[in-house]
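> give the three-dimensional model of this entry:
(chains A, B, C and D, ligands or ions: 4)
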There are 2 protein chains.
Amino acid sequence: MVRMAHNGSNGPNKLKIMDKPQLSESQEDYLKHIFKLREVNETVTTQDLSESLKVRPASVTGMIKKLSSMELIYHRPYKGVVLTELGEKIALEVLRHHRLLELYLVDHLNYTWDEIHDEAERLEHVISEKFEAAISKLMGNPTRDPHGDPIPSVDLEIPEMPDLVSVDRLHAGQEAVIQRVLTQDKDILNMLSRLELTIDANILMVGSDKTGIRLKVGNNQYLIPYSIAKLIWV
Amino acid sequence: MVRMAHNGSNGPNKLKIMDKPQLSESQEDYLKHIFKLREVNETVTTQDLSESLKVRPASVTGMIKKLSSMELIYHRPYKGVVLTELGEKIALEVLRHHRLLELYLVDHLNYTWDEIHDEAERLEHVISEKFEAAISKLMGNPTRDPHGDPIPSVDLEIPEMPDLVSVDRLHAGQEAVIQRVLTQDKDILNMLSRLELTIDANILMVGSDKTGIRLKVGNNQYLIPYSIAKLIWV
DNA sequence: CTTTAAATTTAGTTGAGACTAAAAATAAAT
DNA sequence: ATTTATTTTTAGTCTCAACTAAATTTAAAG
Ligand SMILES: [Mn+2]
Ligand SMILES: [Mn+2]
Ligand SMILES: [Mn+2]
Ligand SMILES: [Mn+2]
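Numbers count the residues shown, from 1 in each chain, chains lettered A, B, ... in the order given. Ligands and ions are numbered 1, 2, ... in the order given. Below is the predicted model:
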């Protein structure tokens, strides 16, 4: 049973979208992961993808060849891959779905921080453009998801992000507002939300030592190990 | 990339659900179609499924063998299939997803009658139990979808439906309330909704002749051909 | 009954997208 | 510069769920 295209109602004004090939769920995930790895890594290797997609390297090579032949990525054998213009558009489309969905689940269906990722991971591939537009409008075309990650706009531009630093870079006495949390690990998210170390929270750096940093949040004060502090950007 | 199970957070109270095998999208659709065909047909043949799923008969036979070996259906070769107890539970679970989704799309995302079916058809397979519960709760655990079809309850019982007759059975002068519309044809649904022949609409049977029936709705009066009148139940 | 038609099943193929095992290319270490 | 280790690619296999073509079974007509 082959999954069908569902570009929504293709009004005459959406011509550019029309020539996007219909991709499989796997292919969409590959493109998305390439995009996200590139934000961090400078180069995206077969192994990077193997780890992040939890697929064996040989399989990754196979998919790379296919995406390459579709001109969605450019591949220098033994070196790595980069997204083509079209490949990046598709990656951003999926990312937009994912992040709008995460925000929607939190805002409208009472999901908690640690529950949204897996649900969005599956839904991102099956919602129509109509669905995307509907939830975006309902939320006032937001630009940040519940982790503080930027939501690509309808025309697939990434909204400007202010320059951020991880919270361990603050000096003692400095105050700041949490803007972004770079993890989808359920246990970490669960812990952070219980400590009220969530997006928009006001924090005060009390001090730091070799074990970690001391943060004051509201009336409470915690010791946060560096491994976790590095995930929190202000 | 194999799709993973997502039974939601399996609290200790949901043991019975746990031994439901994880099915593919196709398998879920087969079970759902068998259930729906059975509501109408008394017997469900290979051809019935072939037509309703738009899959060749040989392929249907193949899937029948698999579902049969999984004890989700019972198959008398050359005769037809029936759902086992477990098969029916799964069919109802999918149907519950589908119908809750349709209602949700109308009530919360401003979808029109003719837009909901295709979207629900894809989403029904990927939403979690958590998502199902969330939208059900949000809508006050509804028992009817936007077509008037019954929504199976959380424990997968079909809610009682009052006895209905198709609108062409009314005699002149009789009034009635539309309870159910038995089609997913987009054009018919679109037409009916423009005529305000929607669920809960009050109608008056004016009269009938060989071409169709005359219905009064609000201040307007229409001639409805029998082919369409048979789809409207009151 | 016997022949013909229709429905169903069998047999074999295809394409996606994973996998393992082994070969080839690149990078690191002696 | 060789040798060794790591990464990447090739080659071939597997499962799933579709397909076509042909054989078989059941149903309908003469
Ligand atoms: Mn995904
Ligand atoms: Mn996110
Ligand atoms: Mn479906
Ligand atoms: Mn319906």
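> and for A:T198, the neighbour number?
Look at A:T198: counted by other CB atoms under 10 Å in any protein chain shown, it has 17 neighbours. From N, CA and C alone the C-beta is placed, and that goes for glycine too.
> and the helices in chain A?
For chain A, the helices defined by DSSP state H occupy A:15-18, A:25-41, A:46-53, A:57-69, A:85-109, A:116-123, A:129-138, A:186-194, A:226-229.
> put together CSV for those helices, with mean pLDDT, distance to ligand 2 and mean neighbour count on each row.
Formatted as CSV, these follow (pLDDT from 0 to 100; distance: least, CB to the ion, whole Å; neighbours: other CB atoms under 10 Å in any protein chain shown):
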stretch, mean pLDDT, distance to ligand 2, mean neighbour count
helix A:15-18, 46, 24, 10
helix A:25-41, 97, 10, 19
helix A:46-53, 98, 15, 18
helix A:57-69, 98, 23, 15
helix A:85-109, 98, 5, 21
helix A:116-123, 96, 7, 21
helix A:129-138, 98, 15, 18
helix A:186-194, 90, 10, 16
helix A:226-229, 92, 17, 16
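> so which of these is nearest B:A120?
With distances scored as CB to CB, the stretch of these nearest to B:A120 is helix A:129-138 (10.7 Å).
> the closest one to helix B:85-109, inter-axis angle?
50 degrees (axes from the mean of the first three to the mean of the last three CA atoms, to 10 degrees).
> mind giving me the packing neighbours of helix A:129-138?
If contacts are counted by 3 or more CB pairs under 8 Å, 6 or more residues apart in numbering or on different chains; DSSP states H and E, helix A:129-138 sits against helix A:85-109, helix B:85-109.
> in terms of secondary structure, what does the last one contact?
Put plainly, it is helix B:85-109. The helices and strands touching helix B:85-109, judged by 3+ CB pairs under 8 Å, 6+ apart, are helix A:129-138, helix B:25-41, helix B:116-123, helix B:129-138.
> want to try JSON lines for these, with distance to ligand 1 as columns?
Below are those laid out as JSON lines (distance: least, CB to the ion, whole Å):
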{"stretch": "helix A:129-138", "distance to ligand 1": "15"}
{"stretch": "helix B:25-41", "distance to ligand 1": "15"}
{"stretch": "helix B:116-123", "distance to ligand 1": "14"}
{"stretch": "helix B:129-138", "distance to ligand 1": "15"}
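> got these as CSV, with distance to A:E115 columns?
Shown next, in CSV, are those (distance: least, CB to CB, whole Å):
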stretch, distance to A:E115
helix A:129-138, 17
helix B:25-41, 23
helix B:116-123, 17
helix B:129-138, 7
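> tabulate these (JSON lines), appending distance to DNA strand D.
Formatted as JSON lines, the helices and strands packed on helix B:85-109 follow (distance: least, CB to the nearest atom of the strand, whole Å):
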{"stretch": "helix A:129-138", "distance to DNA strand D": "23"}
{"stretch": "helix B:25-41", "distance to DNA strand D": "4"}
{"stretch": "helix B:116-123", "distance to DNA strand D": "13"}
{"stretch": "helix B:129-138", "distance to DNA strand D": "21"}
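> of the helices of chain A, which approaches ligand 4 most closely?
Among those, the nearest to ligand 4 by CB to the ion is helix A:129-138 (17.1 Å).
> ok, stretch A:42-61 near DNA strand C or not?
Yes. Using CB under 7 Å from any atom of the strand, stretch A:42-61 reaches DNA strand C at A:54-56, A:58-59.
> same list, the helices of chain A, but as a markdown table with distance to A:S208 please.
As requested, those are exported to a markdown table (distance: least, CB to CB, whole Å):
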| stretch | distance to A:S208 |
| --- | --- |
| helix A:15-18 | 49 |
| helix A:25-41 | 24 |
| helix A:46-53 | 31 |
| helix A:57-69 | 39 |
| helix A:85-109 | 31 |
| helix A:116-123 | 30 |
| helix A:129-138 | 40 |
| helix A:186-194 | 18 |
| helix A:226-229 | 8 |
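> A:H171 touches A:M205, doesn't it?
Yes. At 6.7 Å, A:H171 counts as touching A:M205 under the criterion of CB atoms under 8 Å.
> quick one: which of those two has more around it?
Applying other CB under 10 Å to A:H171 and A:M205 shows that A:M205 carries more neighbours, namely 21 against 8.
> re the thing from before, let's have the helices and strands packed on helix A:129-138 in TSV, adding distance to ligand 1.
TSV is the format used below for the helices and strands packed on helix A:129-138 (distance: least, CB to the ion, whole Å):
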stretch	distance to ligand 1
helix A:85-109	7
helix B:85-109	19
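> which one of those lies closest to A:Y74?
Per CB to CB, nearest to A:Y74 of the helices and strands packed on helix A:129-138: helix A:85-109, 8.4 Å.
> could you list the domains of chain A?
Using automatic domain parsing, the domain parsing of chain A gives A:1-161, A:167-233.
> go through those domains and name the closest to ligand 3.
domain A:1-161 (8.7 Å).
> tell me who's in contact with A:P152.
A:P152 is in contact with A:92-93, A:95-96, A:99, A:158-159, counting by CB atoms under 8 Å, 6 or more residues apart in numbering or on different chains.
> circling back: and A:S166, which of the helices of chain A is closest to it?
When those are compared by CB to CB, helix A:226-229 sits nearest A:S166, at 6.5 Å.
> then that closest one to PDB, C-alphas only?
Only the C-alpha atoms of helix A:226-229 are listed here, as PDB (Å, rounded to 0.1, in the frame of the first residue of the first chain):
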ATOM      1  CA  TYR A 226      28.400  21.000  33.300                       C
ATOM      2  CA  SER A 227      27.200  18.200  31.100                       C
ATOM      3  CA  ILE A 228      23.700  19.600  31.600                       C
ATOM      4  CA  ALA A 229      24.500  23.200  31.800                       C
END
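> and it, what does it pack against?
The contact analysis (3+ CB pairs under 8 Å, 6+ apart) places helix A:226-229 against strand A:212-217.
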